[in-house]
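Colleague: Fold the stuff below for me.
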Amino acid sequence: MLEVETNEEGTKKLMEMLGDGNILYTHQTISDSLTTSGESTNLFNEIILPRKELEKKFKLIISGHIHNPSAKIDKTIIAGSVFCNEVNETQKYIYKINEDFLEVEKIKLPGRGIYGLTDPTEEDLNKIPKKSILKVTITKETSTIKINELKEKLKEFDAFVLLSQIPHQRKKLIIDGNKSLLEFSVEQLLSVYAKEKSISLDKLTHGFDLIK
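Modeller: Residues are numbered from 1 along each chain as shown. Predicted coordinates:
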């Protein structure tokens, strides 16, 4: 659409197409911001609009595209997505803009946060809201009894994934005792899903057969 061959050429052409004004609303990567995992957007392999140059053209910039919301930096707000999709996305917001006075009101959205924890203690788990999704990674040799106790604790939350990632051992998802999800057949996976969701296995299997 831009008829360019490189990201750098695309950035230059977009910047030339932009005029100036009070507020810029964009769904494009802005430089000098971070993803949920802490990666800098400056390293993205795509068109990246330079934040400092945009702030010379506009009094306020509201940007989407990056899931991770970030507070106002100078004149730029990375609004983030409205739903938590990735591990460590725990709170989302919407922004109410007063276009006359360029005032911004940040409003928390309801929703389930997704928390990533490694070898958590009971105290760590007690700090997290029960209406949350957890990804818990175990990196130490742990007895089956302790694993089962942890699973019972994790069942207090809306959903969880329990991952064993002990050094020099194969990574596995723990479903029942020491079984690995990666070793389950489709029929076993459907059985686990039906049990966890308290739905009919026969209906679930029939539905799966229809879409195969």
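Colleague: just checking, next helix/strand downstream of the helix or strand bottoming out on mean pLDDT in the chain?
Modeller: Least confident helix or strand of the chain, by mean pLDDT, DSSP states H and E, is strand 172-173 with a mean of 68. In the C-terminal direction, the helix or strand that comes right after strand 172-173 (DSSP states H and E) is helix 186-197.
Colleague: Which positions within that following helix qualify as buried?
Modeller: Neighbour-count burial for helix 186-197, with 16 or more other CB atoms under 10 Å as criterion, is recorded at 190, 192, 194. Where C-beta positions appear, they are placed from N, C-alpha and C, glycine not excepted.
Colleague: Residue 120 is in what secondary structure piece?
Modeller: Counting by DSSP H and E, residue 120 is part of no helix or strand.
Colleague: what do you get for the one 10 residues further on?
Modeller: Residue 130 belongs to no helix or strand when elements are defined using DSSP H and E.
Colleague: I'd like the distance between the residue nearest the centre of the chain and residue 98.
Modeller: Computing the C-alpha centroid of the chain and ranking residues by CA atoms, centre = their mean puts residue 86 first, at 1.9 Å. According to CB to CB, to the nearest Å, residue 86 and residue 98 sit 31 Å apart.
Colleague: Then residue 38?
Modeller: Counting by CB to CB, the gap from residue 38 to residue 98 is 32 Å.
Colleague: ok, now residue 90?
Modeller: Taken as CB to CB, the span from residue 90 to residue 98 is 28 Å.
Colleague: These two: who's more crowded?
Modeller: residue 90 (17 against 9; other CB atoms under 10 Å).
Colleague: about what we covered before: give the helix, strand or coil label for the residue nearest to the centre of the chain.
Modeller: coil (DSSP: H, G, I helix; E, B strand; the rest coil).
Colleague: And for residue 167?
Modeller: Going by three-state DSSP: residue 167 is coil.
Colleague: residues in contact with the residue nearest to it when sequence neighbours are not counted?
Modeller: Closest residue to residue 167 apart from its sequence neighbours, by CB to CB, 6 or more residues apart in numbering: residue 139 at 7.1 Å. Applying CB atoms under 8 Å, 6 or more residues apart in numbering to residue 139 gives the contacts 118, 119, 165, 166, 167.
Colleague: wait, doesn't residue 18 sit right on residue 56?
Modeller: No - with contacts counted by CB atoms under 8 Å, residue 18 stays clear of residue 56, the gap being 10.9 Å.
Colleague: Between these two, point out the one with more neighbours.
Modeller: Set residue 18 next to residue 56 and count neighbours by other CB under 10 Å: residue 18 wins out with 14 against 9.
Colleague: For the more buried one, give its distance to residue 118.
Modeller: Residue 18 is 43 Å from residue 118, by CB to CB.
Colleague: what's the neighbour count on the residue nearest to residue 19 when sequence neighbours are not counted?
Modeller: Closest residue to residue 19 apart from its sequence neighbours, by CB to CB, 6+ apart: residue 57 at 7.4 Å. Each residue near residue 57 was counted by other CB under 10 Å, and the total is 14.
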